[in-house]
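Chemist: Turn this into a model:
(one chain, ligands or ions: 2)
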Amino acid sequence: VRGAESLLATARAAGVEICFANPGTTEISLVDAFDAAGGGVRTVLCLSEGVVTGAADGYTRMSGTPAMSLLHLGPGFANGIANQHNALRARTPLVTVVGDHATWHQDSGAPLASDIESLAEPVSGWVGRTGSALSAASDFLEAHRTALRDRMPATLIAAADHMWGGGARPAAVPPAPELPAPEQQRVTAVGKTLAAGQRPALLLGGTALSADGIRAAARIARSVGGEVFAERSPARIERGPGIPAVPTLPYFPEDMLSTLEGFSDLVLVGAGSPVAFFGYPGLPSVPVPEDTQMHTLAYPGEDGTAALLALAETSGCADDPLPERESPDLAEPDGPLTAAAVGAAIALTQPASSIIVNEGVSSSAAYTKVAAAAPAHTELSLTGGAIGMGIPASTGAALACPDRPVIDFQADGSAMYTLQGLWTQAREGLDVTTVICANSRYRILEAELGRAGVEQPGAAARNMTSLDGPQPDWCSLSAGFGVPGTRTTTAPELLDALRRASSEPGPHLIEAVL
Ligand SMILES: Cc1ncc(C[n+]2csc(CCOP(=O)(O)OP(=O)(O)O)c2C)c(N)n1
Ligand SMILES: [Mg+2]
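Modeler: Numbers count the residues shown, from 1 in each chain. Ligands and ions are numbered 1, 2, ... in the order given. Purely as a prediction, here's the structure:
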């Protein structure tokens, strides 16, 4: 068969079930090969590459099996970089296939020729090229296995002549690599540290934030008189009855410092060391109090849940009852909409087992603050700070979990980067409700101007932080992509729109005017 067919047959055999695509001429053999050899790999067209990479990230965070993406040369890849950056920060094992010119055409100065490696390397754990039509299948397999082993996006550059060249065969697929569990020695050492510490804290991230991981961490913390935190903006966190509520570290470095004040030890489990989102004059990059000792139980990329279960076992608390979980009382919001009212309205109306994608930016904490009052759910957040992931990630999550409603808690400015993801939601009939926090501004930047001591921003600064003139018409935009939209200005209207959206199939958009 052709290289393209061998690659897709191998992808399918390795467990790839979906390909998010925005292809071009260099990928034409692959486009054609999905019908012949890619049987079983669902193709999903996305109308910009930022939607492709963000959807692949959302899909893979939820399914655990790598999604494939198909992009067109350097410029196509470049358009997808921001969301592949978020996937890198989430440690999502994606396999991105970028078509390139035929090998003999690559140096001819053709208009679309560019240095693809220099674009791909900063946002990939692995970058490689197909070696020939005959090796295309094993080249794909190497990308796939490396992505899974290292929990990082892998990018394979596929030359057009390797895809159309014949004589290829699919590669034999060995079992997928497993997440490495941390050594028992480290578990024992951390167990001793915790037992000796006066007031230890556990900081969970990545693979530690499963239901089992959070339960084990809560048992460990209680047995040593400590506390549990989740990293800021985790890729994926589970919440609900039977899962102790875990506060996330705050955003600003001074708040992180005061939260961690008084802890003797900070044990990192699947999380990196706390770090300030930005550098501010006079504030540290690593906002951890000086006399707090940091330790690592599991590095990002290791199995944090396995580490916590092993530590609970070692510490003799594996079968302890879980700490009492107070179920917070959340009152129905009333009156004009605020971020807090939107967060509460979602928490009160979200169906059981929803997936919440949180790109609320300056509003996002308004949901996490009350999320403990919501029924069982999974929350995905913006791991890499590159805005424009909410609509794509919601699209991917809905494709991964067709039985679970998806609610996108979405800031308005960020929605604009990848708004055309709504079209894919409509085309695929996905059960996604996008709630736009329509404050008509880049509110977080206004807050940052204030932090920088600017009391009265000038006309130029106001111009760069406002979405006024014209205000986006969200319901028209949404309708234009085939998604019915509803405008709400009060909490009762929003509650009503949310209930209606979850009772109807297919995608919806709700504008919440703040
Ligand atoms: C790709 C990318 N471009 C620009 C930025 C800088 N940035 C951070 S937040 C923001 C605006 C956020 O506005 P919005 O999404 O409306 O959220 P709000 O602050 O109003 O809650 C911008 C432009 C970024 N983080 N990522
Ligand atoms: Mg805004």
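Chemist: Tell me the residues of this structure that contact ligand 1?
Modeler: Residues of the chain lying close to ligand 1 (C-beta under 6 Å from any ligand atom) are 82, 361-363, 385-388, 411-414, 439, 441-445. All C-beta spots, glycine's among them, are computed from the backbone N, C-alpha and C.
Chemist: go with 8 Å
Modeler: Within reach of ligand 1 by C-beta under 8 Å from any ligand atom, the chain has these residues: 82, 339, 359-364, 385-388, 411-417, 437, 439, 441-447, 465, 467.
Chemist: So among the residues you listed, which ones count as buried?
Modeler: By neighbour count, with 16 or more other C-beta atoms under 10 Å, those hold 82, 339, 359-364, 386-388, 411-415, 417, 437, 439, 441-446, 465, 467 as buried.
Chemist: So which of those are in helices?
Modeler: With helices taken from DSSP state H, the overlap with those comprises Ala82, Ala339, Ser364, Asp412, Gly413, Ser414, Ala415, Arg443, Ile444, Leu445, Glu446.
Chemist: which of these sit farthest apart?
Modeler: Across those, the longest distance by C-beta to C-beta is 24.1 Å; it joins Ala82 and Ala339.
Chemist: which stretches of the stretch 401-514 of the chain form strands?
Modeler: Under the criterion DSSP state E, counting those that start in this stretch, the stretch 401-514 of the chain contains strands at 406-411, 432-438, 485-488, 508-513.
Chemist: In the stretch 151-300 of the chain, mark out all the helices, start to finish.
Modeler: With helices called from DSSP state H, counting those that start in this stretch, the stretch 151-300 of the chain shows them at 160-164, 184-196, 211-224, 253-260.
Chemist: who does the second one touch, helix- and strand-wise?
Modeler: To tie it back to what came earlier, the one meant is helix 184-196. For helix 184-196, the packing partners by 3 or more C-beta pairs under 8 Å, 6 or more residues apart in numbering; DSSP states H and E come out as helix 211-224, strand 265-269, strand 293-298, helix 304-314.
Chemist: Please apply the same query to the first one.
Modeler: With contacts defined as 3+ C-beta pairs under 8 Å, 6+ apart, helix 160-164 has these neighbours: helix 3-13, helix 28-36, strand 95-100.
Chemist: ok, now with 6 Å
Modeler: Here helix 160-164 touches helix 3-13, helix 28-36, going by 3 or more C-beta pairs under 6 Å, 6 or more residues apart in numbering; DSSP states H and E.
Chemist: Deepest-packed of the ones you listed, please.
Modeler: Across the helices and strands packed on helix 160-164, averaging neighbours per residue (mean count of other C-beta atoms under 10 Å) puts helix 3-13 on top, at a mean of 26.
Chemist: and that one, what's its mean pLDDT?
Modeler: The pLDDT scores in helix 3-13 average 97.
Chemist: What is that helix packed up against?
Modeler: Against helix 3-13 (3+ C-beta pairs under 6 Å, 6+ apart) you get helix 28-36, helix 136-150, helix 160-164.
Chemist: Which among the ones you listed is found nearest to Ala195?
Modeler: The closest of the helices and strands packed on helix 3-13 to Ala195 is helix 136-150. By C-beta to C-beta, the value is 33.0 Å.
Chemist: near ligand 2, from the ones in helices among the buried ones among the residues of the chain next to ligand 1?
Modeler: By C-beta under 5 Å from the ion, the members of these lying near ligand 2 are Asp412, Gly413.
Chemist: Return the closest of the ones in helices among the buried ones among the residues of the chain next to ligand 1 with respect to Ser285.
Modeler: For these, the closest approach to Ser285 (C-beta to C-beta) belongs to Ile444, at 19.8 Å.
Chemist: Could you tell me how far the closest residue in space to Ala201 that isn't next to it in sequence is located from ligand 1?
Modeler: Nearest non-adjacent residue to Ala201, counting by C-beta to C-beta, 6 or more residues apart in numbering: Phe263, 4.4 Å away. Phe263 is 30 Å from ligand 1, where distance means C-beta to the nearest ligand atom, to the nearest Å.
Chemist: ok, now which ones touch Arg149?
Modeler: Shown in contact with Arg149 (C-beta atoms under 6 Å, 6 or more residues apart in numbering): Pro177.
Chemist: Distance-wise, check the closest residue in space to Gly482 that isn't next to it in sequence relative to Pro507.
Modeler: The spatially closest residue to Gly482, leaving aside those adjacent along the chain, is Ala426, at 3.3 Å (C-beta to C-beta, 6+ apart). Computed with C-beta to C-beta, to the nearest Å, the distance linking Ala426 and Pro507 is 6 Å.
Chemist: Looking at the two, which is more packed in?
Modeler: Between Ala426 and Pro507, counted using other C-beta atoms under 10 Å, the more crowded position is Pro507 (31 against 18).
Chemist: wait, doesn't the more buried one sit right on Val432?
Modeler: Yes. Using C-beta atoms under 6 Å, Pro507 makes contact with Val432 at a distance of 4.8 Å.
Chemist: who touches both of these two?
Modeler: Contacts common to Pro507 and Val432, judged by C-beta under 6 Å, 6+ apart, are Gln425.
Chemist: And the pLDDT for Arg325?
Modeler: On pLDDT, Arg325 comes in at 72.
Chemist: Number of residues surrounding it?
Modeler: When neighbours are counted by other C-beta under 10 Å, Arg325 comes out with 14.
Chemist: wait, what's in contact with it?
Modeler: Arg325 sits next to Pro244 when contact means C-beta under 6 Å, 6+ apart.
Chemist: if I look at it, how far off is ligand 2?
Modeler: Distance check for Arg325 against ligand 2: by C-beta to the ion, to the nearest Å, it reads 33 Å.
Chemist: That residue belongs to a strand?
Modeler: No. Per DSSP: H, G, I helix; E, B strand; the rest coil, Arg325 lies outside any strand segment and is coil.
Chemist: Can we start the residue count at 667 from this point?
Modeler: Yes, from this point I'll number from 667; that puts the last item at Arg991.
Chemist: Now do it against Ile1022, distance only.
Modeler: From Arg991 to Ile1022 the distance is 19 Å (C-beta to C-beta).
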